[in-house]
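Undergrad: Need a 3D model of the following:
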Amino acid sequence: MSDGTAETRVDCHVKVLDEAVVERAIDVGLDAIVYAPHFTRIPEIRREAASYSTDELRVIPAREVFTGSWRNRKHVLAIGLEEPVPDFIPLETAMAEFERQDAAVLAPHPEFLNVSLGESDLRRYRDVIDAVEIFNPKYLPSHDRRARELAESMGFPPFTSSYAHLPQSVGVAHTAFDVLIDAADDLVDALRDGVARRVVHHTGSHRWRTTAAELAHLGYENTWEKIDRLFLSGTEPTHPHHIAYDGRFDDVSVY
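TA: The predicted structure is shown next:
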């Protein structure tokens, strides 16, 4: 990868993907991005990721699953899934699926608003979760400190990401792994093996401009009107009752 060194710079969680995103990721020196858009099944994510991957930038498919109800949901990021896992199923069901599929399991933005794993969840799934996010540009400094405290006190390897919902946010934070990563399986191995890594992020005005823009976007995204529109019919791609799941999650669906 970059400069012939055994280091791979990965933005471990982005929501957007197009030519501009790829160009920006390359321009800021990333080697890979993890692409996990909302409400999209893993086969489609894999196809889109493959279409944008290049020799300069690997696009690695993943799923951020929304467990629980919309008002009390807990996001979990899974890399290396072979089979689709729907949103809005109990946390324990999602974790069992990730473990069954031998995926790498990440805890993004712990204890952030009502969308994250808390301390008790991290303790309960200590043997399933492979890394905890200790910096996120949506965070305020107190959130960063708390996330780092949780990871360190429980011995979780850290990671960071831009959590970019906007193209200009890509690369504001990345995780530099001390190993070459050329495909999704390599990243899964690095995460599950606890490979040494550095957490790197912007500071100063760029970081705070990103925080302001992403929080403004979050205000739109987290509205009941949006999710009501998305999930009332039960036919959306990641709804538990969608035909793609063959009825496997009908009994545990929260909607």
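Undergrad: And the next helix or strand past the lengthiest strand in the chain?
TA: If you go by DSSP state E, the chain has its longest strand at strand 58-67. Going down the chain from strand 58-67, the next helix or strand is strand 74-79, by DSSP states H and E.
Undergrad: Now do that following strand: everything it contacts.
TA: 12-13, 34, 36, 60-68, 85, 91, 94-95, 98, 101, 103-109, 115-118, 121, 184, 187-188, 191 (CB atoms under 8 Å, 6 or more residues apart in numbering). The way it works is simple: take the backbone N, C-alpha and C, and place the C-beta from them, glycine included.
Undergrad: helices and strands of the protein: which one bottoms out on pLDDT?
TA: Comparing helices and strands within the chain by mean pLDDT, DSSP states H and E singles out helix 224-231 as the least confident, with a mean of 53.
Undergrad: Convert stretch 16-24 to PDB, retaining C-alpha atoms only.
TA: Provided in PDB are the C-alpha atoms of stretch 16-24 (Å, rounded to 0.1, in the frame of the first residue of the first chain):
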ATOM      1  CA  VAL A  16     -21.400   8.100   1.300                       C
ATOM      2  CA  LEU A  17     -19.700   6.800  -1.800                       C
ATOM      3  CA  ASP A  18     -19.200   8.300  -5.300                       C
ATOM      4  CA  GLU A  19     -16.300   9.400  -7.500                       C
ATOM      5  CA  ALA A  20     -15.900  12.600  -5.400                       C
ATOM      6  CA  VAL A  21     -15.600  10.500  -2.200                       C
ATOM      7  CA  VAL A  22     -13.000   8.300  -3.700                       C
ATOM      8  CA  GLU A  23     -11.000  11.200  -5.000                       C
ATOM      9  CA  ARG A  24     -11.100  12.900  -1.600                       C
END
